[in-house]
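Participant: Provided below for reference: sequence and predicted model.
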Amino acid sequence: MSKQTFQIAVLSGDGIGPEVTQQAVRLMSAACEPFEDIDLSLQEVSVGAQEYLKNGDPLPDSAFDVCRESDAVLLGAMGMPSVRWPDGREMTPQIDLRERLDLYNGLRPIYLYAAEDSPLKKYQAGEIDFVIVRENTEGLFAARTDPQDQTREEARDIMLITRKGSLRIFRAAFDQAMQRRKKVTLVDKANVLPSMVLFREVFEEIAAEYPEVETEVVYVDAAALFLVQRPQSFDVIVTENMFGDILSDLAAGLVGGMGMAPSGDIGEDCAVFQPSHGTAPDIAGQNKANPVATILSAAMLLQWLDHPSAKEAGVKLDSAVKKALADPAVRTGDVGGSLSTTEMGDAILKCL
Ligand SMILES: NC(=O)c1ccc[n+]([C@@H]2O[C@H](COP(=O)([O-])OP(=O)(O)OC[C@H]3O[C@@H](n4cnc5c(N)ncnc54)[C@H](O)[C@@H]3O)[C@@H](O)[C@H]2O)c1
Ligand SMILES: CC(C)[C@H](C(=O)O)[C@@H](O)C(=O)O
Ligand SMILES: [Mg+2]
């Protein structure tokens with residue numbers, strides 16, 4: 001039997017990044033172990049704020065090249081609030097990766113594993129189950145590479161929406177919905193912004209191509225309200241870059257916090273998988289961080305690889321997380337438990 005080796009770039013990054021990545025790598029490797037026809041070749045690459053402090057670049061060309069040439073990238077988290085460019089912004093190599101590799105499809109699944117994990121308390125396991133499809137390459141974030149005349153009196157950031165970028169993200173959202181409960185909610189601000197009027201126009205064009213899919217359009221302010229009031233009503237939420245960034249943290253809060261929220265930034269032939277959370281400097285280095293979001297991101301990575309055994313290993317890893325979390329005592333501190341990062345990894349490993 002021939003063996004296919006997948007090149008995986010591992011970017012642990014800063015803060016809790018290395019702690020959660022270590023668990024995800026360990027579980028991803030264990031999930032693949034029983035399959036004789038696949039193998040993972042892991043290459044650790046230094047990126048982020050620490051790398052910038054050492055060498056002056058948070059994403060050196062050599063690191064970018066490894067990511068581009070890999071089959072997939074597993075990322076912990078990058079950045080430190082105190083490490084900034086001279087203009088005051090933080091370094092954002094995650095956005096550089098998304099833009100330079102054209103990872104336009106930001107998939108952020110939200111799933112409630114147990115009623116007690118949610119601050120809302122009234123939902124049972126599985127009743128909150130939706131995915132945010134975040135447009136990752138334009139929107140308001142495009143302003144960072146489109147500098148306007150800034151003075152100390154006035155600064156502006158322009159929201160970029162293109163027909164091409166909108167067509168592909170809406171297709172991705174409707175394709176997701178076809179594999180799920182066949183409902184797509186567009187979140188926009190078309191009552192105020194002309195860019196959002198275009199966004200909605202293209203949404204309606206694509207919706208017409210998917211007559212089986214139910215659609216709903218909601219302004220972003222109302223979306224924040226409805227996510228709290230009726231989270232069970234969402235299946236796929238599609239939105240522009242910054243709204244997706246904000247709502248994905250709110251959504252993570254519904255199911256236990258940032259430690260429970262995985263993500264995949266997907267392009268045509270390249271993808272980066274990472275938790276939706278940051279480097280959590282407040283708990284870094286203490287073996288307290290919840291590794292679940294990163295482990296679930298690793299499971300997404302395996303399912304994205306183009307090989308039936310890798311996909312099966314990904315499904316197994318996903319099921320192991322679900323099985324482990326069925327025991328309410330198997331939780332780190334952020335979701336009301338007392339396990340350390342490594343103990344949480346051990347508990348999931350036992351369920352594999
Ligand atoms: N993808 C990324 O790499 C990414 C994402 C967001 C923020 N950041 C960066 O991370 C730094 C900190 O940002 P922030 O504080 O706004 O967001 P954060 O996500 O790091 O933390 C927000 C809160 O959630 C908690 N938290 C996050 N992940 C957790 C986990 N796995 N287990 C337990 N608790 C967890 C933190 O302790 C904190 O209370 C900043 O430099 C920011 O730019 C990076
Ligand atoms: C760290 C930051 C640049 C990043 C973003 O805003 O996209 C993060 O918040 C995320 O959600 O991945
Ligand atoms: Mg974010």
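Facilitator: Structure received. Numbers count the residues shown, from 1 in each chain. Ligands and ions are numbered 1, 2, ... in the order given.
Participant: residue boundaries of the helices in the stretch 251-352 of the chain?
Facilitator: 292-304, 308-325, 341-350 (DSSP state H, counting those that start in this stretch).
Participant: List the buried residues of the shortest one.
Facilitator: For helix 341-350, burial by neighbour count (16 or more other Cβ atoms under 10 Å) applies to 341, 343, 344, 345, 347, 348, 349. In short, each C-beta sits where N, CA and C put it, glycine included.
Participant: That one vs ligand 1: in contact?
Facilitator: No: shown here: helix 341-350 not in contact with ligand 1 (Cβ under 6 Å from any ligand atom), separated by at least 8.1 Å.
Participant: measure the nearest residue to residue 110 once chain neighbours are set aside to residue 178 for me?
Facilitator: Closest residue to residue 110 apart from its sequence neighbours, by Cβ to Cβ, 6 or more residues apart in numbering: residue 251 at 4.5 Å. The spacing between residue 251 and residue 178, counted by Cβ to Cβ, to the nearest Å, is 21 Å.
Participant: With adjacent residues omitted, what lies nearest to the one residue in the stretch 151-300 of the chain that gets nearest to ligand 1?
Facilitator: The minimum distance from the stretch 151-300 of the chain to ligand 1, using Cβ to the nearest ligand atom, falls at residue 278 (2.3 Å). The shortest distance from residue 278 to any non-neighbouring residue, by Cβ to Cβ, 6+ apart, is to residue 77 (5.1 Å).
Participant: Pretty sure residue 333 sits against residue 286.
Facilitator: No: at 9.7 Å, residue 333 does not count as touching residue 286 under the criterion of Cβ atoms under 8 Å.
Participant: could you pull out the strands for the protein?
Facilitator: Secondary structure of the chain by DSSP state E: the strands cover 4-13, 38-44, 72-77, 105-111, 129-135, 183-188, 214-219, 236-239, 262-266, 271-275.
Participant: Mean neighbour count and distance to ligand 2 added to these, as TSV?
Facilitator: Shown next, in TSV, are the strands of the chain (neighbours: other Cβ atoms under 10 Å; distance: least, Cβ to the nearest ligand atom, whole Å):
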stretch	mean neighbour count	distance to ligand 2
strand 4-13	21	10
strand 38-44	15	21
strand 72-77	26	8
strand 105-111	23	8
strand 129-135	25	8
strand 183-188	24	16
strand 214-219	16	20
strand 236-239	28	13
strand 262-266	25	7
strand 271-275	27	7
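Participant: Mind pulling up the pLDDT for the residue lying closest to residue 136 once chain neighbours are set aside?
Facilitator: Of all residues not flanking residue 136 in the chain, residue 106 sits nearest, at 4.1 Å (Cβ to Cβ, 6+ apart). Per-residue confidence (pLDDT) for residue 106: 98.
Participant: try the one 4 residues further on
Facilitator: Each residue has a pLDDT score; the one for residue 110 is 98.
Participant: separation between the residue in the stretch 51-200 of the chain positioned nearest to ligand 2 and ligand 1?
Facilitator: Per Cβ to the nearest ligand atom, residue 92 is where the stretch 51-200 of the chain lies closest to ligand 2, at 4.1 Å. Here the distance between residue 92 and ligand 1 works out to 7 Å (Cβ to the nearest ligand atom, to the nearest Å).
Participant: same deal with residue 139?
Facilitator: Going from residue 139 to ligand 1 by Cβ to the nearest ligand atom gives 16 Å.
Participant: For the residue of the stretch 101-250 of the chain found nearest ligand 2, which residues are in contact?
Facilitator: As assessed by Cβ to the nearest ligand atom, ligand 2 sits closest to residue 245 within the stretch 101-250 of the chain, at 4.3 Å. By Cβ atoms under 8 Å, 6 or more residues apart in numbering, the residues touching residue 245 are 134, 141.
Participant: Extract the C-alpha trace of stretch 208-226 and format it as CSV.
Facilitator: Extracted in CSV, the C-alpha atoms of stretch 208-226 (Å, rounded to 0.1, in the frame of the first residue of the first chain):
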residue,chain,number,x,y,z
ALA,A,208,-31.6,32.6,-6.7
GLU,A,209,-29.1,29.8,-7.8
TYR,A,210,-30.0,27.8,-4.7
PRO,A,211,-33.8,27.6,-4.5
GLU,A,212,-33.7,24.8,-1.9
VAL,A,213,-32.0,27.1,0.6
GLU,A,214,-34.0,29.3,2.9
THR,A,215,-32.6,32.8,3.2
GLU,A,216,-32.8,35.6,5.7
VAL,A,217,-31.2,39.1,5.7
VAL,A,218,-30.4,40.8,9.0
TYR,A,219,-28.7,44.1,9.8
VAL,A,220,-25.5,43.6,11.9
ASP,A,221,-26.9,45.3,15.0
ALA,A,222,-30.0,43.1,15.0
ALA,A,223,-27.8,40.1,14.3
ALA,A,224,-26.0,40.7,17.6
LEU,A,225,-29.4,40.7,19.4
PHE,A,226,-30.7,37.6,17.6
